[in-house]
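1. give me coordinates for this.
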Amino acid sequence: MAAKDEKAKATRYLVTADNPDYADVTAGVQFNRGQALIDPLTLDANLGRSPAEVADLLREMGGYAVREVE
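-> Numbering: from 1, shown residues only. Below is the predicted model of the structure:
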């Protein structure tokens, strides 16, 4: 139960692509209508990266606005 609570409190990120019609996968993140939500529940654990690491990667790639959400 503690692990589930930890995931629920983890930082989440809303990523918005420059293209509002973007619907594809980038850096292991599924975008739909130009947006994606990154958190421990939506991120594929097989990527071997945390949500924060993927958010940073998308920032570095350019073309995406990334912000923390509750």
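2. break down this structure into its strands, ranges please.
-> Here the chain has its strands, by DSSP state E, at 12-17, 25-26, 29-30, 35-38, 64-69.
3. need the winner for burial among those.
-> Ranked by mean neighbour count, the strands of the chain are led by strand 35-38 with a mean of 21 (mean count of other CB atoms under 10 Å). Quick note: C-beta positions are derived from backbone N, CA and C, even for glycine.
4. list of residues touching it?
-> Strand 35-38 has contacts (CB atoms under 8 Å, 6 or more residues apart in numbering) with 12-17, 29-30, 42, 51, 54-55, 69.
5. average pLDDT across it?
-> Throughout strand 35-38, pLDDT has a mean value of 97.
6. pLDDT weak spots in the protein?
-> 1-9 (pLDDT under 70).
7. so what's the closest residue to L14 other than its chain neighbours up against?
-> Spatially, and ignoring its direct neighbours in sequence, L14 is nearest to V69 (4.8 Å; CB to CB, 6 or more residues apart in numbering). Contact partners of V69, counting by CB under 8 Å, 6+ apart, are R12, Y13, L14, L37.
8. what distance do you get for V69 to G63?
-> Using CB to CB, to the nearest Å, one gets 19 Å for the distance from V69 to G63.
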